[in-house]
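**Q** next input, structure requested:
(2 chains, ligands or ions: 2)
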Amino acid sequence: MIELKNIEKYYSNKGVKNYVLRHVSTTIKKGEFVSIMGPSGAGKSTLLNILGMLEEPTYGTYEFLGEDVTTLNERKRIELYRNHIGFVFQAYHLIDEMTVYENIEAPLLYKKIGGSERTSRIANLLDRFNIVAKKDLFPNQLSGGQQQLVGIARALAAQPSVILADEPTGNLQSAQAEEIMQLFQKLNQEDGITIIQVTHSEKNATYGNRILHIADGVIKDDVQLTGAKAI
Amino acid sequence: MFKLNLKIAWRNLWKNKVYAAINIGGLALGLTAFVLMLLYINHEESYDSWTPDLENVFQIREKHDFFTPDNKEHWQEATDSRMASLVRENIPQAVAVTKVDQDWEWSAGYSVKVDGADPILVKQIKDADSSFFSVFNYQFLHGSAEAALSTPKSIVVKESIALKLFGTDKVLGKTVKLLIWRSDPGQMFTITGVVKEPKTPQSVSFNAIIRTGEQDHDPENISNRHFCQVYAKMNGPMDSTALNKTLQSVYVNFKKAAFAKEKRNYKDIYKNGNTPGLSALKISDVHANPTLKLSWKDKLKPIVGISIFLLLVSVINFVNLATAQSVQRAKEVGVKKILGSYKGQLLTQFLLESAMQSMVSLFLCVVLVEMVLPAFNQNFNVSLSFWYNPQLFIMIVQLLTLFVLVTLLAGFYPSWILSNYNPVSVLKGNYENGLKGIALRNILVVFQFVISVTFIIAIGVMYQQTKYVSNKDLGFEKGNLVNIKSNYEEKFAERLRTVPGVKYIATSTQVMGNVFNTPEVITYKENKIPVNSVTVTMDALQALGVQVMQGRLFSKDYKQDTANSVVINASAAKLIDKNPVGKTYDLLRDDRKYTFQIVGVIKDYHNEGFDKAVMPTIYKVTHLGGMSTTNNMLVRLDAANSGEIIKKIEAEWRFLYPDYPMTYTSMNDAFDKILEDNNRFVNMIVLFSLVSVSLSLLGLFALSTFVAKRRTREIAVRKVLGASNIQIVNLLNKSFLILVVVANLISWPIAYILIKKWLDGFAYRIDMPVIPFLLATLVSIVIAVLTVSIQARKAAVTDPVNALKYE
Ligand SMILES: Nc1ncnc2c1ncn2[C@@H]1O[C@H](COP(=O)(O)OP(=O)(O)OP(=O)(O)O)[C@@H](O)[C@H]1O
Ligand SMILES: [Mg+2]
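**A** Ligands and ions are numbered 1, 2, ... in the order given. Below is the predicted model:
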């Protein structure tokens, strides 16, 4: 589903190229649960942003669902956001002026999903994440873990094929983090959603079935995990 | 999505309610000034648009030098009455041509007497020929356009006048007696028509049209030639350039033929730069192009400028606050983009938000306009209304256009900035993009302050000039002096002299409020000197209370005073001789030489506005060398109970002239009237300045709040590092202070140029003062520093821990 070939990314500073990513080539198949790991400044977030088409690589080709996306126009890219990609962030990034319900509803509105379908989907998600009681609260009235649940619910609302998550549990306590990871695993295994996450925690990485180790912008190691943790 | 965006917009407004109120309220104020001006402009533009028929009606204008203040040739509305038949005979497209009286501003009007009732004065009763209603298609309530003026001694009245005179509009066939001056025996007129007041104002306005028969013939003799206005109706739309070409050549031929008859040489008459001229002007353009005076467009120009600036100031507040707030909205933009929102959708969302605010402003503005209209109407002597405006539809279209314009102006830039946020940098917590607007914001703040400082300087200078003018010695005593609108008549004067408390009865052709200047050229020691000549009665100068500088005033004790004595004013003395008393000069008129002797010099006295210099003037009692009379009868009263005395004077008047009511003005009122235009302008500047300055300050207040808030973390860090509160206040002040200082530097030359231009309009004026400039700078800096400091202090004294905890 995702095919990276020779991706490079550098920032020029006074004529000097500072490479963040070098010769990154890899393939991620549908249904995989990939964790990207590595030291701080290694380029993990950059890689994830390139996967999410938020940043453009300076060199290389990137095919998403068989389509070359490095030359994609803005409208097409937004179509991909609407239908295929869900983002989850370390800082949650919920819209402060919207209630929980409205935050989850927003992507459905962009996707122009009909009223009744929308209501049922949102009800479903609220139910599944146990946040029905919070639906009319604003983000600043929730705990961090609850906010992240809403963030994930929002990412799932449009029923994407891929979820990109940059340190989704970075701001959470371990108990909450575990809850989120289990949720990811369940989504991956039961709904077949492809998940790509950046994490610093070995433990979190074990919920997935593949780990990409990055250091200095280069993929150092690509480990397949067998016998994923039981749910 | 729309509903959700609306909710977000509302929540954001609520969260920032103080700023939203400043934005919306400020914009409403700016809009109000602008809409009032629009109303006024619409009113002026609507002249002569009450029937589509007027498209084909033209006013005929002739170039000549009668009735001009400077004795030079000008295009004029009053033409030789023969122009009517000239047009009728030479322009085949003209289906109807009419002659009608011009407006006589000095006239008190006709006294209208209906059987058994007291006479009342009615202005704007105009004498016309039988074709008036063929040219002007008025709607007749009673009678008909064809028949109304077909016989002489008929009168057609407006509905309002019929109601005023008879209490009903069913007045066909009734007769009224009209008197044009107090001892006029009067003529009877039969009402042959009642017309409805048209929807829009008319440049040929009237209360009644009469046909005396005067307009039926065109005297050819040069001395009793008749001047009137001529209007022609064409059979269809006509190109005025072609029409004017024809008129011009027809006119030149006419003049040549006329001069040949009078045995005068055409070339001689048009030798000193004068040219013959006849032209036609579409009636819809007449009101905007008056002859011999400033058009409303020219008068309104400074006010249009000011109200546009005011609107800009409020729009700038809007833009500045919105760009400042945009930082708060950055995350929303970033998130929405990755959820799949198009940039266009975001742009629309933010534009809609500003549209919402300008909509509220617009509603507020309509309410405000309704509230201030009465005061506005009174100040500008108009009767405008909003809801009952005949052009309500046009108004609404204009308002909607204004709404769209303001929304785009205020909303587009912030919306553009917002919708362009790059999601990655925003979500990384990198708000650097938010700084993009800063340069523009600074420019706008400077612009705002340039306007405000210029206004403050203007107020200062205007205040000083106004004070100077109203305290200026007029050169005569204006208290207890009244001017009766009437020609001087000895019979009446004699009776008045017996009224106790009346000190002087006199007349002069030069009285404040009604000045008639007769220019002449005198010869003194071979020098030709142009002067202004004024005819007075023996004790007119005493009645005015002028100050004698040399020699004496006129007196009955000197026989020669009715023969050839003159008194001159100081300006004339400057031109003639330093010690003129006893000297003589000559006046050549109609090939005869008259000699006058100067007996006294008086101090210049003012009889017109301070925009005009007092002319070198010669006062004479004698009729030698020609004289003129005007509707002035000066009465100097005893200081005590002048009201009583005037009542007695009125009784005397009624005894002599029962059919014509007396009208008079006090010199105090005449003086106030002269200052009126200027005072009105100054008041308006003061009002607009106050609004503009407070809007700018509110804007600055809100802006500094935002900046302080945005820099909360920086401030907290600095405090943790050991900065004192004062240091932090200074830190915030510095950035704004620079802007205010720059604004001051820019506004000085601008204010200087504008105000110099205004001052130059006065013949009597103060020197450009420095103090208002310094004061404006001081005031603007102090107020700006105070405003910013309040906010900065708040930010500085908050506990740094709180600020650092969240982030
Ligand atoms: N706009 C930029 N200009 C220059 N260099 C940049 C820019 N953005 C990122 N970098 C550099 O790219 C490198 C990789 O950054 P990235 O955010 O991908 O690291 P990371 O692996 O996610 O680190 P962390 O675990 O701390 O989040 C860093 O060295 C950073 O300095
Ligand atoms: Mg990172």
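**Q** check chain B for its longest strand and report it.
**A** Longest strand of chain B, by residue count under DSSP state E: strand B:592-602.
**Q** just the CA atoms of whatever helix or strand comes next after it, as PDB, please.
**A** Sequence order places strand B:617-620 as the next helix or strand after strand B:592-602, per DSSP states H and E. Extracted in PDB, the C-alpha atoms of strand B:617-620 (Å, rounded to 0.1, in the frame of the first residue of the first chain):
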ATOM      1  CA  THR B 617     -14.700 101.400  -0.300                       C
ATOM      2  CA  ILE B 618     -16.100 104.900  -0.900                       C
ATOM      3  CA  TYR B 619     -19.300 105.900   1.000                       C
ATOM      4  CA  LYS B 620     -21.500 108.600  -0.400                       C
END
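**Q** go through the helix or strand following strand B:617-620 and flag the buried ones.
**A** Counting by DSSP H and E, the next helix or strand C-terminal to strand B:617-620 is strand B:633-637. If you call a residue buried by 16 or more other C-beta atoms under 10 Å in any protein chain shown, then strand B:633-637 has these buried ones: B:633-637. Placement of C-beta: from N, CA and C, glycine included.
**Q** spatially central residue in the chain, please.
**A** No chain specified, so I'll use chain A. Nearest to the mean C-alpha position of chain A, by C-alpha atoms, centre = their mean, lies A:Leu164 at 1.4 Å.
**Q** um, chain B though
**A** B:Lys299 (4.8 Å).
**Q** gap between the helix or strand harbouring that residue and the chain center?
**A** B:Lys299 is part of helix B:296-339 when elements are defined by DSSP H and E. A distance of 30 Å separates the centroid of the chain from that of helix B:296-339, by C-alpha atoms, centre = their mean, to the nearest Å.
**Q** which stretches of chain A form strands?
**A** Under DSSP E, chain A gives strands at A:2-13, A:16-28, A:33-37, A:59-64, A:67-68, A:85-89, A:162-166, A:194-198, A:210-215, A:218-224.
**Q** for the fourth one, packing partners?
**A** Going back to what we said before, that points to strand A:59-64. Packing partners of strand A:59-64 (3 or more C-beta pairs under 8 Å, 6 or more residues apart in numbering or on different chains; DSSP states H and E): strand A:2-13.
**Q** show me what the residue nearest to the centre of chain A is bridged to.
**A** On the basis of DSSP bridges, A:Leu164 is bridged to A:Phe87, A:Ile196.
**Q** that one and A:Leu48 touch, don't they?
**A** Yes: here A:Leu164 reaches A:Leu48: they are 5.7 Å apart, a contact under C-beta atoms under 8 Å.
**Q** quick check: A:Tyr81 touching B:Val335?
**A** No: applying C-beta under 8 Å, one finds A:Tyr81 not in contact with B:Val335, separated by 11.2 Å.
**Q** ok, back up a step: just want the angle from the helix holding B:Lys299 to strand A:85-89.
**A** 90 degrees (axes from the mean of the first three to the mean of the last three C-alpha atoms, to 10 degrees).
**Q** so after helix B:296-339, what's the next helix or strand?
**A** Next along from helix B:296-339, by DSSP H and E: helix B:343-380.
**Q** which helices and strands does that next one pack with?
**A** By 3+ C-beta pairs under 8 Å, 6+ apart, helix B:343-380 packs against helix B:2-15, helix B:17-45, helix B:296-339, helix B:392-419, helix B:667-710.
**Q** export those helices as TSV, with columns for mean pLDDT.
**A** Formatted as TSV, the helices and strands packed on helix B:343-380 follow (pLDDT from 0 to 100):
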stretch	mean pLDDT
helix B:2-15	84
helix B:17-45	87
helix B:296-339	84
helix B:392-419	87
helix B:667-710	81
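**Q** and of those helices, who's closest to B:Tyr660?
**A** Taking C-beta to C-beta, helix B:667-710 is the member of the helices and strands packed on helix B:343-380 nearest to B:Tyr660, at 21.3 Å.
**Q** that older thread, so the helix holding B:Lys299, near chain A or not?
**A** Yes: Helix B:296-339 is in contact with chain A by C-beta under 8 Å from any C-beta of the partner chain, via B:331-332, B:334-339.
**Q** any chance you could map the helices in chain A?
**A** Under the criterion DSSP state H, chain A contains helices at A:44-51, A:74-83, A:100-110, A:115-128, A:144-157, A:174-190, A:202-205.
**Q** identify each buried residue in the last one, please.
**A** The neighbour-count criterion (16+ other C-beta under 10 Å) identifies A:204-205 as the buried residues of helix A:202-205.
**Q** touching ligand 1 at all, that helix?
**A** No: against ligand 1, helix A:202-205 shows no contacts by C-beta under 6 Å from any ligand atom, the least distance being 13.5 Å.
**Q** dump the residue contacts of B:Leu700.
**A** Residues in contact with B:Leu700 (C-beta atoms under 8 Å, 6 or more residues apart in numbering or on different chains) are B:445, B:448, B:736, B:784, B:787-788.
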